[in-house]
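1. model this:
(2 chains)
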Amino acid sequence: MTLPERFIDWFASRGWQPHPHQLALLAATRDTLLIAPTGGGKTLAGFLPSLVDMAEGAEGLHTLYLSPLKALTADIARNLAAPVAEMRLPIRIEDRTGDTSSAKRARQRVDPPNILLTTPESLALMTSYPEAPKIFANLKRVVVDEIHALADSKRGDQTMLGIARLKTLAPGLIVTGLSATVSDPEALAQFMGGAEVLRADPGPAPDIALLPTRATAPWAGGNAHYAVPDVMEAVAKARMTLIFVNTRAQAELFFQALWENNPDNLPIGLHHGSLSREARQRVEQAMAEGALRAVVCTGSLDLGIDWGDVDLVLQVGAPKLVTRLVQRIGRSNHRYDAPSCARLVPANRFEVIESVVALEAVAAGNLDGQPHGPGPLDVLCQHILLTACAGPFEADSLFEEFRNAGPYRALTRAEFDACLDFCATGGYALKAYDRWQRLMERKGLWYLRDPRAAKLIRMNIGTITDPEQLNVRMARSRGGAPLGTVEESFAASLEPGDTFLIGGRVVAFERLREMIVEVANTPRKQPRIAVFSGVKMASSLQVSHQVQALIGDPSQWAKLPEDIRDWLETQRRLSVLPRAGVLACETFPRGDRWHFTIYGFAGRNAHQTLGLLLTRQMEALGLGPLGFVPTDYALMIWSVDPVEDAAALLNADSLREGLDGWLAGNSLIKRTFRSVATIAGLMQRNLPGQRRSGKQATFSSDIIHDTLRRHDPDHLLLRITRDEARRGLVDFDRIEDMLRTNPTIDHAHPPHVTPLSAPLVMEIGRVSVEGEGRERMMAREAEALMREAGLA
Amino acid sequence: MKVDFAGQQFEARPAGTLWWPERRWLIVADLHLGKSARMAARGGSLLPPHEDQDTLLRLKAEMEALPVARLVSLGDAFDDALAPEAMRAPDRALLEDLAGRCDWTWVTGNHDHAAVPGLGEIISEISEKAMTLRHIAGEGPDISGHYHPKARLGGTTRPAFLIGRAHLVLPAFGTYTGGLDCDGPVLSALVGPGLALLTGQNLIARPLGLPTKRKRA
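-> Model prediction:
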C-alpha cells in the first residue's frame, strides 16, 4: 500500500512529512511490532494503513484498537478525529470501555463502528457474545497500543487469546503492536505470536540529571518533601512539568506539600488512578488547554497519552526500572527531534544511589527487562468459559486456536484438557459434580449446561484482581461526583474521626454506608493516615547489582553527593558495608522486637522467598518470627528473639530442604491462590445481590485453599498457584547465586537501626508470619486489652 | 477455657465447640453440610466438594476427645433441606457413624427447618436450667449460633465465641462458613459488654464492646 494523494496533501498542509516507519508500516503485509520513542508518531503509524484502506468507505468493523488504559481510548478518539475530519474520510470511530453506557454498547453489538477503540476486558466480553462471528466478520486490522505494558501482565495473555479468537473469526487479519523502547523486541514479537520487528529512529539523547537540591535527602522515607522548594523553582522556570511519583499515596502527599509551598499560586493538578473519573478528566482537560503548569501523577499518566507542551519531567522517588525511566523521559518535549529534559528527585539516600546508577544505565543505553514466561493457565480457564458463552465449541479446534496465541504456543494437550476438565466439572479427584457440570459434551461439541450461567461468567471477566475499590463521597451530598476510591481493606480499618488524604484534601471518615465511604471536611492539616494503597514496584536485578558494587567500593563514591558519602561512612562505622563477595547482615533491637537484615541485592522476589524460608527456620528454632519485608536490596525480618547465628541460618542445603515445605499456608501463597481462583472462575468477584446477603454467607478464599491442600493437593488451581509462585515469588536460583557469589558472611550487632536499614523500617509490602510468635504477640495484646478493660 | 454462663459451668474449646461437663453435652453450631453442592446446583461455582468430610472429621476428633453423652447441633447443620439426601455416600456414612455414638439433638435453623435427618431428635429449642438453647438468640439467657461471629486481634481475624450477660453465641463450626465481625453493629447491639474467645491453636480472650485498637504487625 502506498500513501494516496489525499494523505500526502494532508501531511503537507500540517507542515509534516511522514516518518519512514509510518510508510514502512503502510507497506507491511503481516503482523508487525513497531518500536518507537514517545513522540514518534506511533499512533498515527498504527492507524495509517486503516485510514488509507477505508479512504473510499468501509462496511462494518474494520479496525479494532486495544489499549491498556481506558483514558487512552478517549485520547486516541480525539486525536484521530482531526485527520478524519480534515481529509473528509467516511469513517465512523467510537470507543467502548467499562464506562460506555449499556445502550451504546448494545447498539455497538448490532451496528459496530468502522474503528472501535477498546480495552482487553471489553474485547473478552465482546468475543463472549453469540453475535461475535457477525461483529468481527469483516475485521481487517487490530492495533495493540503500549503492548510492552500489556505484555508484563496477565492482561497481555488475555489480549493474545482474544486476538487468536479474532483470527479464527476473521482470517487474514493483520495485527500491529505499538511499543515504547524495550530491552528485547524479539521476545515481544514472539509474544505476539511471531511478528516482524520495525524500529523507528530513537531520536536525540535525552538531557537527564539529578535535580540539584538545597537540603540533603533524608535517610529514609519516600515522600521527598525535602526537595519541595527546588521542585517549585523548577516548575516556575518550565512551561509545563509532569511530576511522576511512584505510588498514589505518595502523589497525594507530594501534591499537598507543593501547595503548601506555592506562594505564586501556580496552577498545579493531581492525577492518579484512585481519583474519580470526573476528577481525572478535569485535569486532563486543563492540561490539554495549557491551563496547568504542573501535574503530579502516577502510572495513570505513564502510558502514551499525548498532552500538550510538556517540557520538563520530574521523577520523584527511585525510577525502579530503567526502562520505565526512559519511557517517562519521553513524556517531555513531545517533539521527536528535540532532546527530552528530565530531572530525578530521589526521596532518600538509598534512592540517590539508585538514581545515579540508573542515570549511568540510560547514558549507556542499558535497558533492563524481564522475559515473559509462558501464558498462565488460569487465564486459559477463563477464556474457555468465555468461549462457551459465545456458543458450542469443538475441543480440538479450540486447542489449535490457543496455540496460535504467542504466550500459549507451547501449550500441551494435557494442560488444555486439564483446564477444560476444570471448567466442566471443577476438576476434583472426587468427580463430585457430574450432575452439576458447567460444561457438557454432546456429539463432539461443548456447551454451557445452564445458558443462564453466561451472565455470571461474563461478570467475572478480567485478570486484574486488585482488592475491591470503594467510592469516597462527602456525607449528605446528594449524588455529585465521588472524591475518589480507596481499597476495601483500608475502608474497613477506618474508625469515625480518622482523617486521610484523598484528592489533595484531608477528610474525616464518618461511616461506611452500603458501598460508599462517607467523609466530612476537617480543619486538620495533617492526615492521621496517609497510605491507602501500596502499589509496589520492583527494581531490576541489574540496577540492584550495580548499587551493591557502588556501595561497596569507596573509590567510586566520588560520583555520589557529599551527604550520601557521609551516610555510607556512618554505616561503615556503625555496622557493616555490603560489598562484592560479602553477604552483610545486621541484628539490632527496635521497640519490643528484634530485627535481622540481610543485604542480598538479589532482587525483591528472591528476598521474598528467602524471607519465607528463613522465617520457617526461625520458627523451628523458637525465635518467634513475626513478619518480614523484602526490597530489591535487602530482607528484614522481625522476631520476638534475636538471630545470633546468621551463617547457620543462611545455609544453602537447609534452605533447599525448606523449599519443599515452603508452600505450607503462608499468606503470599494464599494471596496468589486468591488471584488464580478468581481469574479461573472458581471465585466470583462480584455476584449480583451478593452485597446484600451479609458477610456470614461468604467465606474467604483462604478456606478454599486450605481445604484443597488437605483433600486434593494435586488440583489444577494449586498447580497453577505453585507455578506462579515459583515464577513470581520464588526465584530460588538467585538465592543460590547470592550465596555462591557472596561466600563470606559479615554479621554485625549494631545497638540500633543503621543508616542502610532505616529505609526498610519504612517499607510497605510487609508479610506477616503465622506461628508461635504471632500467638505470643496476640496473647500479649489480649492481656493488655483485658487489663485496660479491668477484666484481668 | 472455663466459662460461667447463666449459673452453669461450660468449657469453650479451641476447635469452636462448647462442652457442658455436668450433662456431658457437646454443643456445636452451624455445620452447614452440603454447602458446595448447593452452590453447584444453583449454577454457581464448583467449589472443592470436600467440606462435609472436613467438617465431620473435625467433629469426630472433638467427640473422641470427650465422654460425650449427647451432641447438640444448634441449627443450620445442613445448608438446605435437600442437603441430607444429596450428601456423598462416604460422608453420609461418617455422619451416621457419629450419630450412632451418642444421643443427638438437632435444633432447627433458618437454613434447614425442613430437614429430616432421621438421626436423632429434632426440636426447635431446648429449655434447661432457666436458659434456652436455640439457633437465633432471643430472650436471654440463651446459647445460640446463627451469626458466625469473628473477632479481630493483633491484625488477625478468627471465629470466636461471644459471651455476654444474656447471650452466649457460638462460632460456626462448618468448614465453608464466613463470619460477622463481633464489633460490628449487629453483634455489639445483641451481646453488649462481655468477652470474645478467639478459636485456633489456643483460645484467646479479649473484651467485647471496646473500640478495637489497630496495630500494624
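2. State the next helix or strand along the chain beyond the longest helix seen in chain B.
-> The longest helix of chain B (DSSP state H) is helix B:51-65. Once helix B:51-65 ends, the next helix or strand along the chain (criterion: DSSP states H and E) is strand B:70-73.
3. And that following strand, what does it pack against?
-> With contacts taken as 3 or more C-beta pairs under 8 Å, 6 or more residues apart in numbering or on different chains; DSSP states H and E, strand B:70-73 sits against strand B:25-28, strand B:103-107. Using the backbone N, CA and C atoms, a C-beta is placed for each residue, glycine as well.
4. And the last one, what's buried?
-> Think strand B:103-107. The neighbour-count check on strand B:103-107 (16 or more other C-beta atoms under 10 Å in any protein chain shown) flags B:104-107 as buried.
5. pLDDT weak spots in chain B?
-> Applying pLDDT under 70 to chain B flags residues B:112-117, B:154-155, B:210-217.
6. Now the most centrally placed residue in chain B. Nearest residue, chain neighbours left out?
-> With distances taken as C-alpha atoms, centre = their mean, B:Ala29 lies nearest the centre of chain B, 2.2 Å away. For B:Ala29, ignoring the flanking residues on the chain, the nearest one in space by C-beta to C-beta, 6 or more residues apart in numbering or on different chains is B:Gly145 at 2.6 Å.
7. Please compute how far the lengthiest strand in chain B lies from its chain's middle.
-> Assignment by DSSP state E gives strand B:156-164 as the longest strand of chain B. In this view, strand B:156-164 has its centroid 12 Å away from the chain centroid, taken as C-alpha atoms, centre = their mean, to the nearest Å.
8. just to revisit the earlier point, kindly reformat the helices and strands packed on strand B:70-73 as JSON lines and extend each row with distance to chain A.
-> Converted to JSON lines, those look like this (distance: least, C-beta to the nearest C-beta, whole Å):
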{"stretch": "strand B:25-28", "distance to chain A": "16"}
{"stretch": "strand B:103-107", "distance to chain A": "18"}
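9. Distance to A:Pro751 for the ones you listed - can I get that in CSV?
-> CSV is the format used below for the helices and strands packed on strand B:70-73 (distance: least, C-beta to C-beta, whole Å):
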stretch, distance to A:Pro751
strand B:25-28, 53
strand B:103-107, 61
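10. out of the ones you listed, which comes closest to A:Glu441?
-> Among these, strand B:103-107 comes nearest to A:Glu441, with 40.9 Å by C-beta to C-beta.
11. Packing partners of the longest helix of chain B?
-> On a contact count with 3+ C-beta pairs under 8 Å, 6+ apart, helix B:51-65 meets helix A:701-711, strand B:25-28, helix B:89-99.
12. For A:Asn265, which of the ones you listed is the nearest?
-> helix A:701-711 (49.1 Å).
13. Can you list the neighbours in contact with that closest one?
-> The contact list for helix A:701-711 (C-beta atoms under 8 Å, 6 or more residues apart in numbering or on different chains) reads A:665, A:669-670, A:673-674, A:677-678, A:682-683, A:715, A:717-718, A:721, B:47-48, B:50-51, B:53-54, B:175-176.
14. Recalculate using a threshold of 7 Å.
-> A:665, A:670, A:673-674, A:677, A:683, A:715, A:717-718, B:47-48, B:50-51, B:53-54, B:175-176 (C-beta atoms under 7 Å, 6 or more residues apart in numbering or on different chains).
15. Buried residues, whichever strand or helix holds A:Leu188. List them.
-> Remark: A:Leu188 resides in helix A:185-191, with elements defined by DSSP H and E. Neighbour-count burial for helix A:185-191 flags A:185, A:188-191 (criterion: 16+ other C-beta under 10 Å).
16. Please convert those residues to JSON lines, extending it with pLDDT and distance to A:Asn605.
-> Shown next, in JSON lines, are the buried residues of helix A:185-191 (pLDDT from 0 to 100; distance: C-beta to C-beta, whole Å):
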{"residue": "A:Pro185", "pLDDT": "89", "distance to A:Asn605": "24"}
{"residue": "A:Leu188", "pLDDT": "92", "distance to A:Asn605": "21"}
{"residue": "A:Ala189", "pLDDT": "94", "distance to A:Asn605": "26"}
{"residue": "A:Gln190", "pLDDT": "93", "distance to A:Asn605": "23"}
{"residue": "A:Phe191", "pLDDT": "94", "distance to A:Asn605": "21"}
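17. that older thread, deepest-packed of the helices and strands packed on helix B:51-65, please.
-> The highest average neighbour count among the helices and strands packed on helix B:51-65, using mean count of other C-beta atoms under 10 Å in any protein chain shown, belongs to strand B:25-28 at a mean of 24.
18. Check which helices and strands the helix or strand just after that one sits against.
-> Later in the chain than strand B:25-28, the nearest helix or strand by DSSP H and E is helix B:35-41. Applying 3 or more C-beta pairs under 7 Å, 6 or more residues apart in numbering or on different chains; DSSP states H and E, one finds that helix B:35-41 makes contact with helix B:83-86.
19. that older thread, my read: the residue nearest to the centre of chain B touches B:Leu71, true?
-> No: if you go by C-beta atoms under 7 Å, B:Ala29 and B:Leu71 don't touch, sitting 11.8 Å apart.
20. who does the helix or strand just after the longest strand of chain B touch, helix- and strand-wise?
-> Under the assignment DSSP H and E, the closest C-terminal helix or strand after strand B:156-164 is strand B:167-169. In terms of contacts (3+ C-beta pairs under 7 Å, 6+ apart), strand B:167-169 is packed against strand B:142-144, helix B:185-191.
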